[in-house]
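just a sequence and a predicted model for now, questions to come.
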Amino acid sequence: MILKGRARRGANDLALHLSNAVDNETVRIAELRGMVADNLYDGFREWQLICDQSNAKEAFYSLSINPDPAQRDWQDKEWQRAVDHIEDRLGLSGQPRAIVFHEKQGEDGKIRKHCHVVWSRIKTDNGQLRAIHLGHDYFKLKTCARDLSKEFGLDLGYAQNGPRKNGPVFDHGLSHGKNRDQQTAQARKTLLTKLWQEAENPKGFCLAASHSGFIIAQGERRAFVVIDQDAQIHALARQLEGVTTKAVKARLGLPESYPTIEQAKDEQALRKQAGEKPPPKRSDLAYEQRQMQKLRRMAQRADRLYHMRRESIRAQSREMTTRHNHEWRALTMKQRQRTALFLRKRADKKPTGFIKVVCEAIGIGKITHWLDGAEDAKRERLHAAARAALKQAHSEEAARLARKTHQLAKQEQRESQGINRLAKKLAIQKSISELAKAHAPPVSAKATALRLA
């Protein structure tokens with residue numbers, strides 16, 4: 001189980017990430033608490049506006065709960081128990097929160113379910129808005145992971161007071177970033193561990209690692225690191241299975257006798273310029289097929305979501321236009337009927353015959369005409385105010401729909417980036433660029449991926 005959390009800002013970016021329905025197989029909003037809105041965008045904007053009234057800069061605390069997919073699936077009550085336990089431990093009890101579940105396919109082709117929880121850090125304290133202090137949250141989350149694993153009968157994957165157990169440890173970071181996919185990482189660990197075991201002395205180990213395309217260097221935060229062919233930095237102790245950091249330091253000696261990270265990166269760059277090719281990587285056809293299948297599913301989801309969202313926006317626009325026209329006609333008809341009824345009553349009250357002659361003789365008719373004019377002007381002002389209020393309401397509703405359309409465009413742009421990244425990884429970015437000239441960015445990536453898949 002991995003718990004990662006931090007205080008952050010950026011309401012719109014956070015909502016875009018949680019609503020990404022293309023990179024994830026499924027997106028389900030389980031709970032929205034403490035917000036007037038019924039969606040993440042407007043709800044997070046509410047929390048951000050409240051935060052702006054205080055001195056705090058980071059309005060949210062974002063947490064991701066990643067269970068080990070190699071173990072059993074969690075039940076709904078266990079997810080709820082985990083969220084409540086962490087909330088109480090962090091001191092966020094009763095704060096507004098949003099819970100979103102994602103299901104994502106990993107590098108191994110398996111579906112991994114994880115949960116995102118976002119809390120508002122702002123609360124009222126003695127009539128003032130203050131942010132909840134979240135000091136030492138890393139250690140609190142670590143304690144929560146240990147408590148929940150014990151309560152649910154799960155294995156943490158490492159000893160609580162000692163080195164890690166032998167065997168693979170779940171790390172969801174293996175599926176993110178350059179040269180960090182699961183197969184590459186495991187192959188690197190296997191090779192370096194074999195070289196470590198076969199080497200008779202530190203010089204032989206460094207020489208064997210150099211022949212295999214790696215350079216052992218002194219680290220900045222760690223004693224020893226290994227620089228791979230792509231100039232990526234890896235902690236050496238973590239690349240050697242069953243070997244502790246203490247054992248690495250004892251065998252390799254002083255870190256100052258090894259090149260620095262910058263020197264090692266320069267050496268790797270010189271090797272590339274000199275044409276030294278790293279050891280060939282074995283082509284895993286099954287892995288590439290899984291990635292192509294993933295790209296195909298992402299493209300199909302993006303295409304389906306694009307048409308569904310656009311059709312929804314068009315339907316809402318048509319319904320809004322029809323309703324606005326109906327409300328205008330209804331208001332106009334109502335005001336005309338009210339005016340006609342009032343004039344009819346006024347006509348019925350006008351004097352006739354001898355009384356009319358007497359009123360005109362003594363000048364009452366002029367006074368009555370002046371009062372009628374003032375009453376008509378007052379009624380017209382009320383009608384104008386009603387028309388202005390209806391127009392304002394229609395304008396606000398149209399603006400909300402325009403904001404929603406803009407948010408959908410940004411969401412599709414964010415989702416298309418995921419397709420482009422995977423397509424670039426599979427060396428088909430050139431085809432996407434060519435097709436992008438004829439279509440919008442979200443459509444081009446999806447259509448290209450569908451065609452190539």
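Structure received. Because the structure is a prediction, the values reported are computed rather than measured.

tell me how many other residues crowd residue 245.
Summarising burial for residue 245: neighbours were counted as other CB atoms under 10 Å, giving 16. To be clear about C-beta, it is placed using only N, CA and C from the backbone, and glycine gets the same treatment.

grab the nearest non-local neighbour of it.
Ranked by CB to CB, 6 or more residues apart in numbering and with sequence neighbours excluded, the top spatial neighbour of residue 245 is residue 237, at 4.2 Å.

and that neighbour, what element?
In this structure, residue 237 is located in helix 236-239 according to DSSP states H and E.

got the CA positions of whichever helix or strand comes after that helix in PDB?
Tracing the chain C-terminally past helix 236-239 and defining elements by DSSP H and E, one meets helix 245-252 next. Once side chains and other backbone atoms are set aside, the C-alpha atoms of helix 245-252 remain, and they are given as PDB (Å, rounded to 0.1, in the frame of the first residue of the first chain):
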ATOM      1  CA  THR A 245      23.300   0.300   1.400                       C
ATOM      2  CA  LYS A 246      25.700  -0.500   4.200                       C
ATOM      3  CA  ALA A 247      27.100  -3.400   2.300                       C
ATOM      4  CA  VAL A 248      27.500  -1.300  -0.900                       C
ATOM      5  CA  LYS A 249      29.500   1.400   1.100                       C
ATOM      6  CA  ALA A 250      31.600  -1.200   2.800                       C
ATOM      7  CA  ARG A 251      32.600  -2.800  -0.600                       C
ATOM      8  CA  LEU A 252      33.100   0.200  -2.800                       C
END
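
helices or strands up against helix 245-252?
Here helix 245-252 is seen to pack against helix 202-211, strand 224-227, helix 236-239 when contacts are counted using 3 or more CB pairs under 8 Å, 6 or more residues apart in numbering; DSSP states H and E.

how about it: buried residues?
Judged by neighbour count using 16 or more other CB atoms under 10 Å, the buried positions of helix 245-252 are 245, 248, 249, 252.

can you check stretch 18-33 too?
18, 19, 20, 21, 22, 23, 24, 25, 27, 32.

counting by contacts, list what the helix or strand harbouring residue 296 packs against.
Per DSSP H and E: residue 296 is located in helix 285-349. Based on contacts counted as 3+ CB pairs under 8 Å, 6+ apart, the elements that helix 285-349 packs against are helix 364-425, helix 441-452.

and among those, the most buried is which?
Stretch with highest mean neighbour count among the helices and strands packed on helix 285-349: helix 441-452 (a mean of 21; mean count of other CB atoms under 10 Å).

out of the helices and strands packed on helix 245-252, which is closest to residue 72?
Between residue 72 and these, the shortest separation by CB to CB is 27.0 Å, and it involves helix 236-239.

which residue of the protein sits farthest from its center?
residue 354 (82.8 Å; CA atoms, centre = their mean).

quick revisit: so what's the residue count around the residue nearest to residue 245?
Here the count is done by other CB under 10 Å, and residue 237 has 19 residues near it.

gap between it and residue 217?
When CB to CB, to the nearest Å is the yardstick, residue 237 and residue 217 sit 14 Å from each other.

kindly report the same for residue 243.
Applying CB to CB, one obtains 17 Å for the distance of residue 243 from residue 217.

between the two, which one's more packed in?
Relative neighbour count places residue 217 above the other of residue 243 and residue 217, with 23 against 18, counting by other CB under 10 Å.

excluding sequence neighbours, find me the nearest residue to that one.
Nearest non-adjacent residue to residue 217 (CB to CB, 6+ apart): residue 264, at 4.0 Å.

ok and the strand or helix carrying the one you found relative to helix 202-211, angle-wise?
The secondary structure element spanning residue 264 is helix 261-273 (assigned by DSSP H and E). Interaxial angle of helix 261-273 relative to helix 202-211 (axes from the mean of the first three to the mean of the last three CA atoms, to 10 degrees): 40 degrees.

and helix 261-273, what's buried?
Counting neighbours by 16+ other CB under 10 Å, one finds that the buried residues in helix 261-273 are 261, 264, 265, 268, 271.

per-residue pLDDT of the first one, please?
In the prediction, the pLDDT value recorded for residue 261 is 88.

same question, the last one
Residue-level confidence at residue 271 comes out at 83, pLDDT.

which residues touch it?
residue 229 (CB atoms under 8 Å, 6 or more residues apart in numbering).

touching stretch 62-71 from outside, list them.
For stretch 62-71, using CB under 8 Å, 6+ apart, the contacting residues are 1-8, 14, 73-74, 79, 82-83, 86, 106, 110-119, 141, 154-155, 157, 170, 172.

tell me how far the residue farthest from the centre of the chain lies from residue 360.
Between residue 354 and residue 360 the computed distance is 11 Å (CB to CB).

run through the protein and note the low-pLDDT ranges.
Judged by pLDDT under 70, the chain has its weakly predicted residues at 107-109, 157-183, 275-285, 287, 351, 356-357, 359, 363, 365, 427-453.

can you give me the domain assignment for it?
Here the chain is described, according to automatic domain parsing, as comprising the domains 2-152, 177-282, 288-452.

residue 227 contacts residue 266, correct?
No: with contacts defined as CB atoms under 8 Å, residue 227 does not count as touching residue 266, sitting 10.0 Å away.

what sits against the residue lying closest to residue 222 once chain neighbours are set aside?
Leaving out its chain neighbours, the residue that sits closest to residue 222 by CB to CB, 6+ apart is residue 235, at 5.1 Å. Residues touching residue 235, when contacts are defined by CB under 8 Å, 6+ apart, comprise 219, 222, 224, 225, 226.

and for the first one, the neighbour number?
Think residue 219. Using other CB under 10 Å as the criterion, residue 219 is surrounded by 17 other residues.

for residue 68, give its distance to residue 145.
Counting by CB to CB - residue 68 and residue 145 are separated by 11 Å.
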